[in-house]
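Next input, structure requested:
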Amino acid sequence: KVVAGALNFISKNTLYGRNWGSIVNIPFLHFELCYYQAIEFAIKNELHKVEAGAQGEHKLQRGYAPTKTWSAHWIKDQEFSKAIQNFLDNESQLIDNQKEKLEDYLPFKN
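Numbers count the residues shown, from 1 in each chain. You can find the predicted model right below:
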């Protein structure tokens, strides 16, 4: 019986994890579907990278480095679009600062 699934997209060398859902509450199922299965698939298919999507300090302990992502949206209402852009302009600096701080906790060093 299928109880959960993950949606990923694939390019020539990257697996992009984007969404998941479950009809049951099973501890750690999210990590199995969205991280461990994705990594296993990428290795098996010789992909260079797994990009697990935005957000989540919990990704550090699973070996994912903070990575900036982007999204392309068009908002018809110009006033609403302007408000969203103002928010994103302000949030961008906060994200850059958080990314820099989180990188200090990575298990990998250059």
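
CA only for contacts and neighbour counts going forward, please
Fine.

buried residues in the helix ranked longest in the chain?
In the chain, taking DSSP state H as the definition, the longest helix is helix 78-103. Judged by neighbour count using 16 or more other CA atoms under 10 Å, the buried positions of helix 78-103 are residue 99.

Helix or strand: which one has residue 16?
Using DSSP states H and E, residue 16 sits in strand 14-22.

The residue positioned nearest the centre of the chain: what's it in contact with?
Against the mean C-alpha coordinate of the chain, by CA atoms, centre = their mean, the closest residue is residue 53 at 1.2 Å. Shown in contact with residue 53 (CA atoms under 8 Å, 6 or more residues apart in numbering): 16-18, 69.

roughly how far apart are it and residue 3?
22 Å (CA to CA, to the nearest Å).

Which residues does stretch 30-45 contact?
By CA under 8 Å, 6+ apart, stretch 30-45 touches 5-6, 14-15, 17, 20, 48-50, 52, 62.

quick one: the closest residue to residue 59 other than its chain neighbours and residue 87, what's the gap?
The spatial neighbour of residue 59 that comes closest, neighbours along the chain excluded (CA to CA, 6 or more residues apart in numbering), is residue 65 at 7.5 Å. Counting by CA to CA, the gap from residue 65 to residue 87 is 25 Å.

For residue 50, which non-adjacent residue is closest in space?
Closest residue in space to residue 50, ignoring its immediate chain neighbours: residue 15 at 4.8 Å, by CA to CA, 6+ apart.

Pull the contacting residues for that neighbour.
By CA under 8 Å, 6+ apart, residue 15 lies in contact with 8-9, 38, 42, 47, 49-51.

Take the residues you listed and keep only those in helices.
38, 42.

What's the ChimeraX syntax to select whichever of the contacts of residue 15 are buried?
To isolate the buried members of the contacts of residue 15 in ChimeraX, using 16+ other CA under 10 Å:
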select :8,38,42,47,50,51
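
of the contacts of residue 15, closest to residue 74?
Each of those was checked against residue 74 using CA to CA; the closest is residue 9, at 21.3 Å.
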